[in-house]
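K.L.:
compute the structure for the input listed below.
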Amino acid sequence: MSPIEHLVTSGTFSLDGGTWEVDNNVWLVGDDREVVVIDPAHDAEAITARIGDRRVVAIVCTHAHDDHVNQAPVLSDRFDAPIMLHPAEAPLWKLTHAERQPDRELWDGQILTVAGIELRVLSTPGHSPGSCCLYVPELGTVFTGDTLFRGGPGATGRSYSDFDTIIGSISRTLLALPADTIVHTGHGAATTIGTEAPHLEEWIARGY
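P.N.:
Residues are numbered from 1 along each chain as shown. Modelled structure (predicted):
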């Protein structure tokens, strides 16, 4: 079994009075005994089926937009697993789950361990105030949520986002990773750090 599993779930994203149809990447990292679930979106039953009878070490939300957290409480209760989120995401989290708090905080430099695999938390604000990525050196992979996609940074045109901040996070933190690091995103196809790095100045010039 691959240490990284992937499923795509479909639903909506709502913020600032608008709603959009979206497909989300949900990621599982672990082995045949235990997993971490990253960004539990839209379809709790599909995610549950993929988890099977494995122990869920944690449910990690890279940020708190509703399409990345809407199934977190259901899965937390079902698998008795803690929800982990950066505390700066509290205003966005409350828009979706006003009566429920995350169980544990994410912070920069924190290491989460599942099946002997270390996931390093990287604080990468900009798309939202407490956006985080998860870097897995031994797998040559970083899970970027909505901070970095194939072709550019995540959107910054809505509440709680900032273009200069996300560019700073990408340039200082993500582009410092090895060029062959695979970027597993919150939506769409994968890319690599080396593929995206040459386009930084272009993104800045375009105000991407």
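
K.L.:
and the helices in the protein?
P.N.:
Ranges of helices within the chain are 44-51, 66-69, 72-79, 90-96, 163-169, 193-196, 200-206, based on DSSP state H.

K.L.:
what residues are up against residue 37?
P.N.:
26, 27, 28, 47, 51, 56, 58, 59, 60, 75, 81 (Cβ atoms under 8 Å, 6 or more residues apart in numbering). Placement of C-beta: from N, CA and C, glycine included.

K.L.:
ignore what I typed, I meant residue 11.
P.N.:
Here residue 11 is in contact with 21, 22, 24, 41, 42, 43, 67, 70 (Cβ under 8 Å, 6+ apart).

K.L.:
dump these to CSV, plus distance to residue 4.
P.N.:
Below are those laid out as CSV (distance: Cβ to Cβ, whole Å):
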residue, distance to residue 4
21, 26
22, 21
24, 16
41, 17
42, 20
43, 19
67, 21
70, 22
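
K.L.:
most neighbours, which of the residues you listed?
P.N.:
residue 41 (30 neighbours; other Cβ atoms under 10 Å).

K.L.:
pull out the buried positions in the least confident helix or strand in the chain by mean pLDDT.
P.N.:
Taking mean pLDDT, DSSP states H and E as the measure, the helix or strand of the chain with the lowest value is helix 200-206, at a mean of 83. Counting neighbours by 16 or more other Cβ atoms under 10 Å, one finds that the buried residues in helix 200-206 are 200, 203.

K.L.:
swap in stretch 132-139?
P.N.:
132, 133, 134, 135, 136, 139.

K.L.:
quick one: it to chain centroid distance?
P.N.:
Chain-centre distance of stretch 132-139: 11 Å, with Cα atoms, centre = their mean, to the nearest Å.

K.L.:
kindly report the same for stretch 143-163.
P.N.:
For stretch 143-163, the distance to the chain centre is 11 Å (Cα atoms, centre = their mean).

K.L.:
for stretch 79-95, list every residue counted as buried.
P.N.:
Buried-residue list, stretch 79-95, by 16+ other Cβ under 10 Å: 79, 81, 83, 84, 85, 86, 88, 89, 92, 93.

K.L.:
any stretches of this structure with poor pLDDT?
P.N.:
For the chain, the stretches with pLDDT under 70 are 207-208.
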